[in-house]
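Trainee: Structure of the sequence below:
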Amino acid sequence: MPLTLLLRLLHEKLPVTLTADPDIRHASVLMATGLVEAEFHLDHFGYQRYESAVVFDITEEGHAEIANLNAGAAAAALGDPGWPVMPLDYLRKIGNSVFPLRIDDPAEINSVAVLNAAGMVEATLPPPCRTRQSPQKSRQAVVLRVTPLGRTALIERRA
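Mentor: Predicted coordinates:
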């Protein structure tokens, strides 16, 4: 699971090269959610699949996520509404919602975009905002469902 890999990386000397398919997938989720800095290398056989991932660093957000896991205080990260919504915190918030779920808040739309890219939710996203667009034009994302990978991340966080 991605969070298990994050905990494992905490005890490794970075950079770490990962070659197992599950580890590469989990590293991509951790990178998409902003918890690690990593680089991915394609195979040389033309199959367009990653043969390895190199994790360079655990970000501040990654260390915060580890602290929440260790302290059992996962809800504490949602305490200050002035901070941007972290994607995994947002996934926890919408995990038991009734879908489809419409999202208007720009910070929440960004979290949905990250979760969608990581394969944790299926969503339709608004087109990128252009500076010439009027600010009155409503941008909305629609979360269609939490995927099995997203459900797995929710189960991991409850343990």
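Trainee: C-alpha only now, for contacts and for neighbours.
Mentor: Fine.
Trainee: what about the strands in the protein?
Mentor: Remark: strands of the chain, listed N- to C-terminal, are 16-18, 36-42, 50-58, 101-103, 121-124, 141-146; assignment by DSSP state E.
Trainee: Tabulate those (CSV), appending mean neighbour count and distance to Val29.
Mentor: Putting the strands of the chain into CSV (neighbours: other C-alpha atoms under 10 Å; distance: least, C-alpha to C-alpha, whole Å) gives the following:
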stretch, mean neighbour count, distance to Val29
strand 16-18, 16, 14
strand 36-42, 17, 9
strand 50-58, 19, 12
strand 101-103, 14, 22
strand 121-124, 20, 12
strand 141-146, 20, 15
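Trainee: May I see those strands organised as CSV, with mean pLDDT added?
Mentor: Supplementary listing: the strands of the chain in CSV, determined by pLDDT from 0 to 100:
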stretch, mean pLDDT
strand 16-18, 91
strand 36-42, 87
strand 50-58, 88
strand 101-103, 92
strand 121-124, 93
strand 141-146, 93
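Trainee: what would the ones you listed look like in a markdown table with distance to Ala64?
Mentor: Below are the strands of the chain laid out as a markdown table (distance: least, C-alpha to C-alpha, whole Å):
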| stretch | distance to Ala64 |
| --- | --- |
| strand 16-18 | 20 |
| strand 36-42 | 12 |
| strand 50-58 | 10 |
| strand 101-103 | 25 |
| strand 121-124 | 22 |
| strand 141-146 | 23 |
